[in-house]
Structure formats: structure tokens, C-alpha cells
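Asker: Quick one: sequence plus predicted model below, questions after.
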Amino acid sequence: MAELAYKFKGSGHDVPEEKRKYEEPDSRLAKIFETVLDEGFEEKFASLMSKTHGGEYFNRHELELLGKFICESVGREKFSADEAKALLLLYQDHENIEKAGEFITALYNNAKEKVIIHDVDIGKPIKRIGKGLAENKVLVNKAPIGNHFGSDAHGIIINYADEYKFAHPSSYGLEPGGIFLNYGKIMNNAGEHSDGLWINAGIAGALGEKSEGLVLNFGKTNEFGEEAKSTAILVNAGEADKFGNDISGVIIALKAPKQDAKTQDSTYIGPEQCSQIPKLQAYFDKIRQKVEAGRHDYNLAIKLAVSLDAEKMRQRLAEILKDNLEGLL
């Protein structure tokens with residue numbers, strides 16, 4: 001049996017047993033994983049990886065091929081999330097274990113479970129956990145995060161954890177239909193290039209940079225929406241030091257930033273205008289209440305995330321603003 005001593009306690013969530021045990025993973029699966037760690041992902045899966053990425057990481061199609069390759073190699077259609085966690089525990093001292101995130105996520109994408117609780121802390125950051133998460137999966141993260149956490153996800157990512165010290169994690173991109181709900185701390189590139197729905201209820205350094213999607217801030221951010229695209233809708237209902245430069249989208253500022261906003265290239269709906277639209281305030285108050293309810297109960301957070309749809313939210317905002325601000329959305 002592989003033993004795990006949890007170093008991380010989920011804030012107000014189910015606290016795992018101190019010495020929870022996992023069954024040893026499938027020996028065939030463990031052998032593939034060990035070979036990958038020994039040889040490196042670039043060498044082992046070079047034929048699967050896009051040359052446009054320089055062999056550095058997998059895109060969505062390549063992640064699907066990776067999952068298919070693993071399944072065919074082991075002779076199985078599905079895995080369990082616990083098997084993926086057991087691999088991390090079994091090889092936690094391997095010098096390349098920090099690069100295992102895409103392999104683990106490929107297993108999660110092919111897991112029997114729809115909802116996966118990632119709560120394994122091996123004392124070092126695992127890069128790219130949740131990257132390219134499949135659209136039919138929900139990943140609830142309670143373990144400290146590394147770089148590219150949840151990047152390019154098509155599914156639902158709910159994060160309760162903070163970054164590893166000195167890890168400087170980032171969370172680039174979010175595909176259309178993807179949802180990211182953050183209660184933790186991500187100081188770099190939170191929601192950058194996002195084209196889905198990104199909700200910050202924690203701490204984000206730079207939030208929504210170059211975003212094309214819908215980004216809501218109920219938490220804290222140093223800078224919001226730098227170079228956001230014309231399709232972006234940025235909603236600030238929390239604490240923001242400042243809005244970024246060169247924003248081309250729509251800003252709904254229920255709360256003003258600490259510094260004057262530079263919004264010459266955007267449609268700016270400021271606090272005074274927002275205060276004159278009761279339906280707008282009520283709409284985001286309702287979302288905020290549900291977000292807060294999920295802060296200490298991930299089941300409520302999942303229920304909220306599953307109910308949200310970025311396109312429907314855009315339509316609802318257009319309806320609310322139509323009579324007050326014709327043509328803005």
C-alpha cells in the first residue's frame with residue numbers, strides 16, 4: 001500500500017485521514033509512468049506533440065491522444081482518480097515528478113469519476129495539473145499548485161489552494177465552455193487568454209490579461225484586464241488596484257479600482273451607472289452569495305459551476321442593460 005501523509009488541510013472541507021492509504025496502481029500503468037519520468041515527456045511522446053509548441057506541452061488534441069495511448073497500452077478503457085494519486089505518491093521522490101501533470105490529467109480525463117478531488121501534496125509543485133481538462137469533468141483542487149494549473153481547460157476547475165512558495169504558478173487560458181472558480185491564490189497570469197468563464201473569489205496577481213471571455217472578480221487582484229479583447233466582459237465586484245491598459249472589451253465596475261481606470265478603448269460602466277440599475281446589482285449579488293456559499297463547501301461550489309454558462313450570462317446582461325445602456329453589449 002502507498003501511504004500519504006497530508007501536508008495540506010482543505011479550508012473547511014473534508015479533512016483526509018493523516019495516513020490515508022491507496023492501493024498500489026496497476027503495474028502496467030506504473031511501468032509506463034516510470035518510463036515517462038525516466039525518459040522525459042518530450043522524448044517519450046514526441047510523435048504526439050505539436051511542433052508548433054516546440055515539444056514543450058500538449059494541446060487538447062494531443063492530450064486526447066495521450067489518454068488513448070495510455071488506455072491502449074494498459075488494455076483498459078477507464079481508470080480511477082485514486083490510481084492517478086497513487087502514482088504521484090509512489091514516485092514522489094523521482095527527480096522529474098514535477099513534470100507529471102499532463103500524464104495525471106490524461107488519467108483524470110479517462111477516469112470513471114466525473115468529479116475528481118485532487119488533494120495530493122507531495123511537497124513540490126506538479127506542473128500542468130488540470131491542463132486541458134475534458135469538458136465532462138470537474139476538478140476540485142485542494143493541493144498547492146504549480147505552473148499552468150488548469151490551463152486550456154474545457155471542463156470545470158475549482159481551486160481552493162495557494163501556490164507553492166517560489167513556484168510562481170500561472171493559469172493560462174480557458175477554452176469556450178470552460179469554467180474556473182478560484183478561492184485560492186494565483187499570482188501570475190490568472191485567466192490570461194481565457195475564452196470561458198473565470199471567477200476570482202480569492203487572490204489573483206494579474207487577472208484576465210488578454211482575455212476574450214467573461215471574467216468576474218469578487219476577490220482581490222492587483223491588475224484587472226490588461227489588453228482584454230473586444231469580446232471580453234470584465235466585472236469588478238471586489239478589490240482591484242487598477243484596471244489594465246489597452247482594454248477593448250466591456251468593463252462593469254460595480255466597485256471602482258483604487259487607481260483611476262484607463263478605459264479609453266473600452267466600454268466602461270462605472271459604479272454610479274451600476275447603482276442606477278437595480279437588476280444588475282441584484283444579478284451579481286445573487287452570484288456572489290452562491291460563490292461565498294461554495295467557499296466552505298465544494299459541493300455547493302460544484303452546484304454553482306455546473307449551473308453557469310458564459311453565453312447565457314452574456315445574454316442576461318444584455319437584457320438587463322438594454323433599457324439603460326442601449327447597444328453596449
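Answerer: Looks like it arrived, so ask away.
Asker: Can you tell me how far Lys229 is from Val215?
Answerer: According to Cβ to Cβ, to the nearest Å, Lys229 stands 11 Å off from Val215. In this view, the C-beta of every residue, glycine as well, is placed from N, C-alpha and C.
Asker: hang on, I meant Ile156
Answerer: Ile156 sits 16 Å away from Val215, going by Cβ to Cβ.
Asker: same deal with Leu207?
Answerer: Going from Leu207 to Val215 by Cβ to Cβ gives 7 Å.
Asker: do Ala106 as well
Answerer: 28 Å.
Asker: More neighbours: these two, which one.
Answerer: Val215 (31 against 26; other Cβ atoms under 10 Å).
Asker: host element of the more buried one?
Answerer: strand 214-217 (DSSP states H and E).
Asker: Please apply the same query to Ile251.
Answerer: Counting by DSSP H and E, the element that carries Ile251 is strand 250-253.
Asker: tell me which strands and helices that strand is in contact with?
Answerer: On a contact count with 3 or more Cβ pairs under 8 Å, 6 or more residues apart in numbering; DSSP states H and E, strand 250-253 meets strand 233-236, strand 267-269, helix 271-275.
Asker: Just checking: what are the partner strands of it?
Answerer: strand 233-236 (parallel), strand 267-269 (parallel) (DSSP bridges).
Asker: Tell me which of those is the most buried.
Answerer: strand 233-236 (a mean of 26; mean count of other Cβ atoms under 10 Å).
Asker: for that one, what is the average pLDDT?
Answerer: Across strand 233-236, pLDDT averages out at 96.
Asker: Distance from the following helix or strand past that strand to the middle of the chain?
Answerer: Using DSSP H and E, the helix or strand that follows strand 233-236 towards the C-terminus is strand 239-243. Relative to its parent chain, strand 239-243 has a centroid offset of 21 Å by Cα atoms, centre = their mean, to the nearest Å.
Asker: who touches strand 239-243?
Answerer: Contact with strand 239-243 is made by 207, 217, 219-225, 234, 236, 251, 253, 255, 257-263, as judged by Cβ atoms under 8 Å, 6 or more residues apart in numbering.
Asker: In helices, which of the residues you listed appear?
Answerer: Secondary structure from DSSP state H places none of these in helices.
Asker: Of those, which belong to strands?
Answerer: Residues of those located in strands (DSSP state E): 207, 217, 220-224, 234, 236, 251, 253.
Asker: export the residues you listed to a markdown table and tack on distance to Leu89?
Answerer: Compiled in a markdown table, the ones in strands among the contacts of strand 239-243 are given as follows (distance: Cβ to Cβ, whole Å):
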| residue | distance to Leu89 |
| --- | --- |
| Leu207 | 33 |
| Asn217 | 36 |
| Lys220 | 34 |
| Thr221 | 34 |
| Asn222 | 36 |
| Glu223 | 38 |
| Phe224 | 38 |
| Leu234 | 40 |
| Asn236 | 41 |
| Ile251 | 45 |
| Ala253 | 46 |
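Asker: Quick check: the two most widely separated of the residues you listed?
Answerer: Distance extremes for these: the farthest pair is Lys220 and Ile251 at 17.3 Å, using Cβ to Cβ.
Asker: thinking again about what came up before, for Ser307, which of the strands paired with strand 250-253 is the nearest?
Answerer: strand 233-236 (17.4 Å).
Asker: Can you spell out which helices and strands pack onto the strand ranked longest in the chain?
Answerer: As assigned by DSSP E, the longest strand anywhere in the chain is strand 188-194. Under the contact criterion of 3+ Cβ pairs under 8 Å, 6+ apart, strand 188-194 touches strand 170-174, strand 179-182, strand 197-200, strand 203-207.
Asker: pLDDT (mean, whole number) over the first one?
Answerer: Put plainly, it is strand 170-174. Confidence for strand 170-174, expressed as mean pLDDT, is 67.
Asker: swap in the second one?
Answerer: Confidence over strand 179-182 (mean pLDDT, whole number) is 96.
Asker: same deal with the third one?
Answerer: Taken as a whole, strand 197-200 has an average pLDDT of 96.
Asker: hey, where'd the helices end up in this structure?
Answerer: Using DSSP H, helices in the chain cover 27-39, 41-44, 60-74, 81-90, 101-109, 271-275, 278-293, 298-307, 310-322.
Asker: To what extent is Lys131 buried, counted in neighbours?
Answerer: By the criterion of other Cβ under 10 Å, Lys131 has 27 neighbours.
Asker: quick one: stretch 192-204 to chain centroid distance?
Answerer: Relative to its chain's centre, stretch 192-204 lies at 8 Å (Cα atoms, centre = their mean).
Asker: In terms of pLDDT, where does Cys151 sit?
Answerer: Just so we're on the same page, residue 151 is Ser rather than Cys. Ser151 is given a pLDDT of 86.
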